[in-house]
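Visitor: Fold the following.
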Amino acid sequence: MLRQEEIALVIDSQQEYFQGKDQGLIRESLSKIPIVESFATIITGLRRCGKSTLLLQLMNQKNQNAIYLNFEDIRLIAFEPSDFPRLYSEIKQRAVQVIFFDEVQLIEKWEIFVNQLLREGFFVFVTGSNASLLSGELGTHLTGRHLSMELFPFSYQEFISFTSSAVSYESLEAYLKIGGIPEFVKSKNELIIAALLDDILVKDIAVRHGIRDIASLKQLALYLLSNLGVPTSANKLVGMFGIKSAVTILDFFSYFQNSYLMDFVPQFSYSLKAQNRNPKKVYALDLGLATAVSTSFSENNGRKLENLIYLHLRRKYNSIHYFIEKGECDFVVSEKGKITHAIQVCYQISDENFSREYKGLLQALDFFNLEIGWIVTANQRDRFEESGKTVELIPAFEFITMEL
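Guide: I've put the predicted structure just below:
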């Protein structure tokens, strides 16, 4: 329990820091923030990807006074649901209508308090680093009264703007290694990435889910981040890192995904049972994380390029699969239940791999009755036409800056 005076001091301290921050690069997502009266705006994403900075940019853009409160502040560790009335009194005294709450889901019954603020005409923005925890709580007291969006680390376009680079093979190579965590892009200090990964695994996963065997959790995470784009199943991993249950591994998979550490992409099938049964490909939500903590001794640029293209598609589309028939196509994208794009990724097309990559893509085009597909490369261009189908070889730095 906290006194109102203590809450006021924390607000003042955080406010001074928040408003004094450099708002940095204006994010592409700023114009996409959903703002509707009587609806809470929920912004989720990976730790340190820039959620609080995005709120600062929003405040500066709208020229509004707002209260910002981060509930991960150590001074708020004693905050309890019974303290919400004192926080409410403090908000009323400050005569503001815009409230920014960071990681408020750490406090029980927060959604009841947010709902009260909405009923009284406040604009409330909630940010958090866990997708399922937020969505689960929103289903109780905020049903139908919230709008959600995800924030990702810097896109390639944001990366080149932040680093004053040009769209080129060289800047693409840099992005493959550095990724898009703003602080890491700025400093290049791998200790930042190591600390970030530890925070995700310990604070966002182990503590929240009561996991005692943190060593096994970390080993599994490092293994997956070292095997980007590789089909993975829980059954095949049983026994590794001392984890004896496929159910436990599946739980860890969901924790990794909900904390925005990595995604698991299913094989396309019209059967949901088959999708769940078949191995899934793993991709990191930030390439810098994968590079800095990978246990692989090779650069494996092909896998990183595949991961980059996945992230590009992930920002735009909710339904992404890989496709296997006789051959394999890395990504098929669906909109409104219909496959609309097929994309193959190969770092460098050669005599040895051209037939495999080309035929795998053609099979996907035929299966889904598509007229055009892409083979995304590091720095190669070409065009092929066969049986009414068009295959474009295109450099990744061009593909991710064009409109599909």
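
Visitor: Nearest spatial neighbour of residue 399, chain-adjacent residues omitted?
Guide: residue 376 (4.9 Å; CB to CB, 6 or more residues apart in numbering). All C-beta atoms are positioned from the backbone trio N, CA, C, and that covers glycine.

Visitor: host element of the one you found?
Guide: Using DSSP states H and E, residue 376 falls within strand 372-377.

Visitor: Could you spell out the sheet neighbours of that strand, each with its direction?
Guide: Here strand 372-377 has these sheet partners by DSSP bridges: strand 338-345 (parallel), strand 389-395 (parallel).

Visitor: related to what we said a few turns ago, enumerate every residue touching the residue nearest to residue 399.
Guide: Residue 376 makes contact with 305, 309, 343-346, 394-396, 399 under the criterion CB atoms under 8 Å, 6 or more residues apart in numbering.

Visitor: thinking again about what came up before, quick one: buried residues of the strand holding residue 376?
Guide: For strand 372-377, burial by neighbour count (16 or more other CB atoms under 10 Å) applies to 373-377.

Visitor: so which of those would you say is closest to residue 273?
Guide: Nearest to residue 273 among the buried residues of strand 372-377 is residue 373, at 27.8 Å by CB to CB.

Visitor: What's the local residue count around the closest residue to that closest one other than its chain neighbours?
Guide: Leaving aside its sequence neighbours, residue 373 sits nearest to residue 342 (CB to CB, 6+ apart; 4.3 Å). Residue 342 sits with 26 neighbouring residues when counted by other CB atoms under 10 Å.

Visitor: which one of the contacts of residue 376 is nearest residue 110?
Guide: For the contacts of residue 376, the nearest to residue 110 is residue 309 (37.1 Å; CB to CB).

Visitor: Not counting its neighbours along the chain, what's nearest the closest one?
Guide: Leaving aside its chain neighbours, residue 309 sits nearest to residue 345 (5.0 Å; criterion: CB to CB, 6+ apart).

Visitor: Contact partners for that neighbour?
Guide: Shown in contact with residue 345 (CB under 8 Å, 6+ apart): 302, 305-306, 309, 330-331, 375-376, 396.

Visitor: Any idea which helix or strand in the protein has the lowest mean pLDDT?
Guide: When the helices and strands of the chain are scored by mean pLDDT, DSSP states H and E, helix 131-141 comes last with a mean of 63.

Visitor: where's residue 236, which helix or strand?
Guide: helix 234-237.

Visitor: Any buried residues in that helix, and which?
Guide: Going by neighbour count (16+ other CB under 10 Å), the buried part of helix 234-237 is 234, 237.

Visitor: Stretch 74-90 too?
Guide: Those would be 76, 79, 83-84, 86-87, 90, for stretch 74-90 by 16+ other CB under 10 Å.

Visitor: Show me what secondary structure element comes after the least confident helix or strand of the chain.
Guide: strand 146-151.

Visitor: pLDDT (mean, whole number) over that next one?
Guide: Per-residue pLDDT over strand 146-151 has a mean of 92.

Visitor: Sheet-wise, list the partners of that strand with their directions.
Guide: Looking at strand 146-151 with DSSP bridges, its partner strands are strand 40-45 (parallel).

Visitor: Now do the partner strand: distance to the chain's middle.
Guide: 13 Å (CA atoms, centre = their mean, to the nearest Å).

Visitor: do the same with stretch 364-372
Guide: 29 Å.

Visitor: Then stretch 81-89?
Guide: With CA atoms, centre = their mean, you get 32 Å for stretch 81-89.

Visitor: May I ask you to confirm that the residue nearest to residue 373 is in contact with residue 370?
Guide: Yes. Under the criterion of CB atoms under 8 Å, residue 342 makes contact with residue 370 at 5.7 Å.

Visitor: anything in contact with each of the two?
Guide: residue 364.

Visitor: domain assignment for the protein?
Guide: 4-151, 154-307, 316-404 (automatic domain parsing).

Visitor: Would you map the strands across the chain?
Guide: For the chain, the strands defined by DSSP state E occupy 40-45, 66-70, 98-102, 123-128, 146-151, 231-232, 262-265, 280-284, 319-324, 328-335, 338-345, 372-377, 382-386, 389-395.

Visitor: What count of nearby residues applies to residue 276?
Guide: Per other CB under 10 Å, the neighbour tally for residue 276 reads 10.

Visitor: Please verify my assumption that residue 117 contacts residue 111.
Guide: No. Judged on CB under 8 Å, residue 117 makes no contact with residue 111 at a distance of 10.7 Å.

Visitor: ok, these two, which is more surrounded?
Guide: Between residue 117 and residue 111, counted using other CB under 10 Å, the more crowded position is residue 111 (24 against 18).

Visitor: Roughly how far does the more buried one sit from residue 142?
Guide: Distance from residue 111 to residue 142, counting by CB to CB, to the nearest Å: 5 Å.

Visitor: swap in residue 205?
Guide: Residue 205 is 24 Å from residue 142, by CB to CB.

Visitor: With neighbour numbers in mind, choose between those two.
Guide: Comparing residue 205 with residue 142 by other CB under 10 Å, the one with more neighbours is residue 205, at 24 against 21.

Visitor: Check the more buried one and give its pLDDT.
Guide: 95.

Visitor: With residue 63 instead?
Guide: In this prediction, residue 63 carries a pLDDT score of 72.

Visitor: That one: how many residues sit nearby?
Guide: 6.

Visitor: rewinding a little: beta partners for the residue nearest to residue 399?
Guide: Here residue 376 sits in beta bridges with residue 345, residue 394, as judged by DSSP bridges.

Visitor: Relative to residue 36, how far out is it?
Guide: 37 Å.

Visitor: same check, this time on residue 53
Guide: Applying CB to CB, the value for residue 53 to residue 36 is 23 Å.

Visitor: Same drill for those two, tell me which one is more crowded.
Guide: Under the criterion of other CB under 10 Å, the comparison of residue 53 against residue 36 puts residue 53 first, with 20 against 11.

Visitor: So that one is in contact with residue 26, correct?
Guide: No. With contact defined as CB under 8 Å, residue 53 does not count as touching residue 26 (9.9 Å).

Visitor: got any residues that touch both of those two?
Guide: In contact with both residue 53 and residue 26: no residue, using CB under 8 Å, 6+ apart.
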